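> Return atomic coordinates for the entry below.
(chains A and B)
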Amino acid sequence: MSDAETEKLQTLPVLPLKNSVLFPTLLMPVNAGRPSSIAAIESALATEEKEIVVFAQRDASVDEPQAADLYTIGTKAVIKKMARGRGGIEAVLLGVERVVRIKLEQDGAFQRARIRPLPIIEEKSPEIEALHREVIDLATRAVELTQPQAAAGMAQLIASAQSPLRLVYMLAPMFSLELEKEQLLLEAATVADCLRLMHANLSHELQVLELRSKIASEAQTEMSKEQREYLLRQQLRAIQKELGGENPEQNELTLLREGVEKADLPEEVRKEVDRELARLERLPPASPDYNVGRTYLDLVLELPWKKSTEDVLDIGRARQVLDEDHYDLREVKERILEHLGVLKLNPTAKSPILCFVGPPGVGKTSLGQSIARALGRKFERLSLGGLHDEAELRGHRRTYIGAMPGRIIQAIRRAGVNNPVLMLDEVDKIGHDFRGDPAAALLEILDPEQNRTFRDNYIDLPFDLSKVFFVTTANTLDTIARPLLDRMELLRLSGYSEEEKIEIAIRYLIPRQIKEAGLQPEHLVIDREALKAIVSLYTREAGVRQLERAIGRIARKVAVRHAEGKTEPVTIRRDDLAEWLGPRRFSPDQARKQLPPGVATGLAWTETGGDVLYIEATLLPSGRGLTLTGQLGEVMQESARAAQSYIWSHAEELGIDRTLFRRYGVHIHVPAGATPKDGPSAGVTMATALASIYSRFPVRIDTAMTGEITLTGLVLPIGGVKEKVLAARRLGIKRVILPRDNQKDLAELPETVAKEMEFIFADKIEDVLAAAIPQLGKHFATLEQAAI
Amino acid sequence: MRFQSKQMPILFGAAHSISETHWRPSADIYRTRDGWIIKYDLAGVKPEDIEIAIQDSTITVSGFRRDWKLEDGCTYYAMEISYNRFERTIELPCVLDGAEMRMEAREGILMVRLLCRGENP
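All right, here's what the predicted structure looks like:
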């Protein structure tokens, strides 16, 4: 070892540092608590120079570090300041230079180290320059990320660092580098190494910081969005408060609660409402559930749980109202008056469920309104036509978005009372598909035993429908489910006869149309003959809609005349009709002028009233069996076969040549060919036609017939007698053969009609044949005589 | 703050001193008719431990303050005076090469008088 080197060697007290490295040129406050550290500092203080050497400790948990526990490269320091504190010394050290430890020896309570300065190799190169700038850049960015407000101070600090090395030493403590990394910085052999290390450290640090700040800013945006909403809501609340009214939501709830107190609710409903209200009070008003709950409560409060109208129990007045609105319809009116009578004696009586069946335009719907008026009840109407979703009637559960109560509850809500007349129109036109069968839901609604506690899916509370006067309407019963039909009281409104139509026109339609056209009653008179012509030549229907339209047309034309200034009253006569309504649209129905053998007159019931059918049978020279044409339904085909079988099996009694059956086939056709037909009521007509074609005797032209037959020749009753008879009369056929069991139905006929007509009641097919085919009648008579 | 408090760079004066590892005595500078007087606060520094160097327009005073033992058995309770090496470089607005310099130590203050002949601004 040279002298120069020996000169540089020093022996100084050692201060082991935990968790940090002292860099040259930096000040560091230390707190010495360990006896060995205190002793080392005291020893240094006792010297003239106040010098001490600092080594970082590899492991902070070691209290009495030995040579192996300390890094060999450390820093020589001068104690700048010191003060005694609680149980130790606080001192400020100024790092002076980097040293390497040559020897470590114990000196009493502390250690002394023999050290040699280890100057760092300082050189200048473009690389160092580049690294220097890069480190400045990274450090600036890092500081901007951690504390933007300190960025300016940082720039100053970096500028103040005269050498790259000092910059590194200054930066190192600013970022919490690990002890190992700091020690590596201290140990770097050259400035370039030191800068490279620092650069790597800073890059890593910056990455971590950037990630951190990204996470933080994401959290921040999340937070600030929520805070913003909160703030805005607070402001809104303040504004609303300024505008009057305390807390709007609270206010709303208070109103609701008041509504609940005021509403006279059944106990069960009250409980549910209170529960819902309590739930609502806990919900923030912005939540979607809040609105759902509110709408629900509004509806429940609005429903007429106990509210009902007082029935007008004046039978005289009711009769007057019904007569004012509708002509005839005795049966229906009687039924309504009966109900009134019952209500008078027993106010808790169940309301009947009526079903009006009849062709269009006979006044089913208006009759419902009339009933409501007569009883002094509210009237609500809902059409079931085309309905195919059960939920339409019963509502959707509240869990669904946009859920609504069913139509029944909605109608009740509209009515505002729990005993309206509720008309369910077109009950025969309910559809059903995979969504359920609305007719099945109707079963519950229309059953007086069940509808006391009708539960709508939306309301989910039992509502008493038993006070509702249900009226349903239908054009036909065929498409109504049996169980549903069973629950309703059927009232048939059959088509009107010509006289009835004229009467209705005079009493209701003409005054109404005159009023609609803005005329005075004296301005337009339509005489009876003209009305009759309108009914028969311009309309063909069971009801009176077309008739009313025709009258309306005339009334409007009269109104045009008035508008043109020709104000003289107009009287419409039969001969003027072409001028008012154009050429006649239908030729009057006419019976055939003659009937060849094999043709019989049948009667049919249609939705639009009755009709006359001519059933034609003919023998086929070749071929066998039975051919049926004319769009016949299965029931009708079977009844044709039954008729044929009967005729064949009774050939002898009827005087028919059996060989005909073998030689000829038979064809039965029922015009008009385009209209589908079905039903058993043409049985007797087909038997008559067959008997006629085989026997070659013609059927009486003035006789129409209807009735079902059995193989043994019995004649069974059929429906629609009134319509059928009216149809026969319209064609001028005055003689009608009916099953005996249908005799009672004749009571429905207007008296004028009944008087004009001749009725033959048949028990067996022989009765029909005898009445329809005169020659066969004579044949039977001779047979009978022979038998006697 | 993520600055660690355990170590602080010397923020002030660093730009003026050549080495950041020496302490820096305070100084008062006076302008005279024929030059400058600079007073250095150097109490406790032996005159033989002081060096003065002049180069161009700067004057550098450096040296060493050594502590001395007051009496046996006494130990520090607190210390605020800086010991060991010091250095102070002052730049003056004139060229000092060739200036006449006189030193005087009085009551812990070092007074340096500089006479700049003829070249005074």
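
> check which helix or strand covers residue 40.
Using chain A here. Taking DSSP states H and E as the definition, A:Ala40 sits inside helix A:35-45.

> The intended chain is chain B.
For B:Tyr40, the secondary-structure element it belongs to, assigned by DSSP H and E, is strand B:35-41.

> May I have that strand as CSV, with CA atoms only?
This file holds the C-alpha atoms of strand B:35-41, laid out as CSV (Å, rounded to 0.1, in the frame of the first residue of the first chain):
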residue,chain,number,x,y,z
GLY,B,35,-12.3,47.9,-3.7
TRP,B,36,-14.2,45.4,-1.5
ILE,B,37,-14.4,44.3,2.0
ILE,B,38,-15.9,40.8,2.7
LYS,B,39,-16.7,39.7,6.2
TYR,B,40,-16.9,36.0,6.9
ASP,B,41,-18.6,34.5,9.9
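
> counting contacts, what elements does that strand pack onto?
Applying 3 or more Cβ pairs under 8 Å, 6 or more residues apart in numbering or on different chains; DSSP states H and E, one finds that strand B:35-41 contacts strand B:27-31, strand B:109-115. C-beta here means a position set from N, CA and C on the backbone, and glycine is covered the same way.

> so what's residue 96 up against?
I'll assume chain A. Under the criterion of Cβ atoms under 8 Å, 6 or more residues apart in numbering or on different chains, the contact list for A:Val96 reads A:Pro24, A:Glu51, A:Thr75, A:Lys76, A:Ala77, A:Val78, B:Thr21, B:Asn84.

> you looked at the wrong chain, it should be chain B
By Cβ under 8 Å, 6+ apart, the residues touching B:Leu96 are B:Ile54, B:Gln55, B:Asp56, B:Ser57, B:Thr58, B:Ile59, B:Leu114, B:Cys116.

> same deal with A:Ala109?
By Cβ under 8 Å, 6+ apart, A:Ala109 lies in contact with A:Pro35, A:Ser36, A:Ala39.

> coming back round to it: can you tell me which of the helices and strands packed on strand B:35-41 is packed in deepest?
Of all the helices and strands packed on strand B:35-41, strand B:109-115 carries the top mean neighbour count, a mean of 17, counting by mean count of other Cβ atoms under 10 Å in any protein chain shown.

> so what strands line up beside it?
Under the criterion DSSP bridges, strand B:109-115 sits next to strand B:35-41 (antiparallel), strand B:100-106 (antiparallel) in its sheet.

> what's the distance between the first one and the middle of its chain?
For strand B:35-41, the gap between its own C-alpha mean and the chain's C-alpha mean amounts to 10 Å (Cα atoms, centre = their mean, to the nearest Å).

> same question, the last one
Averaging C-alpha coordinates over strand B:100-106 and over its chain gives two centres that are 14 Å apart (Cα atoms, centre = their mean).

> Restricting to C-alpha, output it in PDB.
Written as PDB, here are the backbone C-alpha positions of strand B:100-106 (Å, rounded to 0.1, in the frame of the first residue of the first chain):
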ATOM      1  CA  GLU B 100      -4.000  43.300  -3.300                       C
ATOM      2  CA  MET B 101      -5.500  41.400  -0.400                       C
ATOM      3  CA  ARG B 102      -5.300  41.900   3.300                       C
ATOM      4  CA  MET B 103      -6.700  39.600   6.000                       C
ATOM      5  CA  GLU B 104      -7.700  40.400   9.500                       C
ATOM      6  CA  ALA B 105      -9.400  38.100  12.100                       C
ATOM      7  CA  ARG B 106     -11.300  39.800  14.800                       C
END
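
> Pull out the buried residues from it.
Neighbour-count burial for strand B:100-106, with 16 or more other Cβ atoms under 10 Å in any protein chain shown as criterion, is recorded at no position.

> pLDDT averaged over that strand - what is it?
When pLDDT is averaged along strand B:100-106, the result is 87.

> mind checking how far A:Asp328 is from chain B?
A:Asp328 sits 102 Å away from chain B, going by Cβ to the nearest Cβ, to the nearest Å.

> Looks like that residue contacts A:Lys501 (just checking).
No: A:Asp328 lies out of contact with A:Lys501 (Cβ atoms under 8 Å); the separation is 10.8 Å.

> the more surrounded of those two?
Of the pair A:Asp328 and A:Lys501, A:Lys501 is the one with more neighbours under other Cβ atoms under 10 Å in any protein chain shown, namely 24 against 16.

> hang on, that one is in a strand, isn't it?
No: counting by DSSP: H, G, I helix; E, B strand; the rest coil, A:Lys501 falls outside a strand, being helix.

> coming back round to it: can you tell me which of the contacts of A:Val96 are in helices?
By the criterion of DSSP state H, membership of these in helices covers no residue at all.

> Quick one: the helices in the stretch 151-300 of chain A, in order.
Taking DSSP state H, counting those that start in this stretch to define them, one finds helices in the stretch 151-300 of chain A at A:151-160, A:164-171, A:179-187, A:191-242, A:248-262, A:267-282, A:288-302.
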